[in-house]
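[1] dropping a prediction and its sequence here:
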Amino acid sequence: MNAFVTPFLEIKELRHDYRQPDGSYAQALRLDHLLAARGEALAVTGPSGSGKTTLLHILAALIRPTCGEVLFDGHDLFAAGHSAARWRSLSVGYVFQEMNLLPDFSVLENLLLAAEISSVPKSDAGERADSLLHRLDLWDHRYSRPSELSLGEQQRTAVARAVIHSPAVVLADEPTASLDAENAGVVMDLLMGLCAESQTLLIAATHDEAMKKRFERVVNLRRPVPAAVGPELVSSREVI
Ligand SMILES: Nc1ncnc2c1ncn2[C@@H]1O[C@H](COP(=O)(O)OP(=O)(O)O)[C@@H](O)[C@H]1O
Ligand SMILES: [Mg+2]
């Protein structure tokens, strides 16, 4: 990456500690530095509890880190005046392990509702949904509810929903963990292909070895060493 060009994503000295019921803090994430460009595909790996989900939640501005910086196009995601809700709805697509589709709505309605939340104009949303339904082989299921679909079809619907508004970044948390190897491969190929075509940065948490191999870059998180936190440190921390 050219050192004189502002990177799309830069992470500096990122840490997150969760507050425990007894008032102490548990370390959940340590990531010293990361640069990523638009259109890259990055796997985030590490054992259970190493902070993969926490990192994705921070990048989606769902939680504010205890300290450190997250810069997109040089702008601090957590700067005063920056709207987390706006960032999430316009710029982020999220794929969950458990899909989280709306059960009472059809596949098509799930896509159109996501488009509406992200302020995609209605005419564009219809066209984009049709094209994704064909591309992801869901056209014949467009009026089905999620419970009428196989797990692979449900996750393909979740992928379509995550990209319907052409986000700048797609965050995928163990997106293939509930699928068999064949469906996992299909979902990953589609997700990676869609992101690469639209220059979307894809960051996917996975601990599946076969999945890891598909990625050009792998960021390995280590489980932070639990440390007793003194009261003088606690009082200076910013936690939400
Ligand atoms: N909401 C929360 N409150 C308190 N601790 C949490 C919370 N979410 C996660 N943790 C803890 O933070 C650590 C990292 O969790 P997580 O980011 O879910 O890791 P991973 O996704 O790699 O399994 C774990 O020790 C987990 O128990
Ligand atoms: Mg996780």
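    Structure's in. What do you need? Ligands and ions are numbered 1, 2, ... in the order given.

[2] so which residues on the protein come close to ligand 1?
    Contact residues of the chain with respect to ligand 1, defined by C-beta under 6 Å from any ligand atom, are listed as 18, 26, 28, 46, 48-54. C-beta here means a position set from N, CA and C on the backbone, and glycine is covered the same way.

[3] please redo it, this time with the cut-off set to 8 Å
    Proximity of the chain to ligand 1 is assessed by C-beta under 8 Å from any ligand atom, with 16, 18-20, 26-29, 46-57, 173-174, 205, 221, 223-224 identified as the residues in range.

[4] out of those, who's near ligand 2?
    Of the residues in those, proximity to ligand 2 by C-beta under 5 Å from the ion holds for 52-53.

[5] next step: the residues of the chain next to ligand 1 restricted to strands.
    In strands, judged by DSSP state E, the following of the residues of the chain next to ligand 1 are found: 16, 18-19, 26-29, 173, 205.

[6] pull out the buried members of those.
    Among these, those classed as buried by neighbour count (16 or more other C-beta atoms under 10 Å) are 16, 27-29, 173, 205.

[7] ok, which pair from these is furthest apart?
    Gln27 and Asp173 (19.9 Å; C-beta to C-beta).

[8] spell out which parts of this protein neighbour ligand 2.
    Contact residues, the chain versus ligand 2 (C-beta under 5 Å from the ion): 52-53.

[9] residues contacting the helix ranked longest in the chain, please?
    Of all the elements of type helix in the chain, the one with the most residues (DSSP state H) is helix 181-197. With contacts defined as C-beta atoms under 8 Å, 6 or more residues apart in numbering, helix 181-197 is touched by 39, 41, 95, 135-136, 150-152, 155-156, 159, 163, 170, 172, 175-176, 179, 200-202, 204, 208, 210-211, 214.

[10] which of the residues you listed are buried?
    Judged by neighbour count, with 16+ other C-beta under 10 Å as the criterion, the buried members of these are 41, 95, 135-136, 152, 155-156, 159, 163, 170, 172, 175-176, 179, 200-202, 204, 208, 211.

[11] which of the residues you listed fall within strands?
    Using DSSP E, 41, 95, 170, 172, 201-202, 204 are the members of those that sit in strands.

[12] the closest residue to Ala60 other than its chain neighbours - how many residues pack around it?
    What sits nearest to Ala60 in space, not counting adjacent residues and going by C-beta to C-beta, 6 or more residues apart in numbering, is Val92, at 5.0 Å. Neighbour count of Val92, defined by other C-beta atoms under 10 Å: 22.

[13] likewise the one 5 residues further on?
    Neighbouring residues of Gln97 were enumerated by other C-beta under 10 Å; the total is 18.

[14] helix or strand: which one has it?
    Remark: Gln97 resides in no helix or strand, with elements defined by DSSP states H and E.

[15] contact partners for it?
    173-175, 177-178.

[16] distance of the residue most central in space within the chain from ligand 1?
    With the centre of the chain defined as its mean C-alpha position, the nearest residue by C-alpha atoms, centre = their mean is Leu171, 1.5 Å away. Going from Leu171 to ligand 1 by C-beta to the nearest ligand atom, to the nearest Å gives 12 Å.
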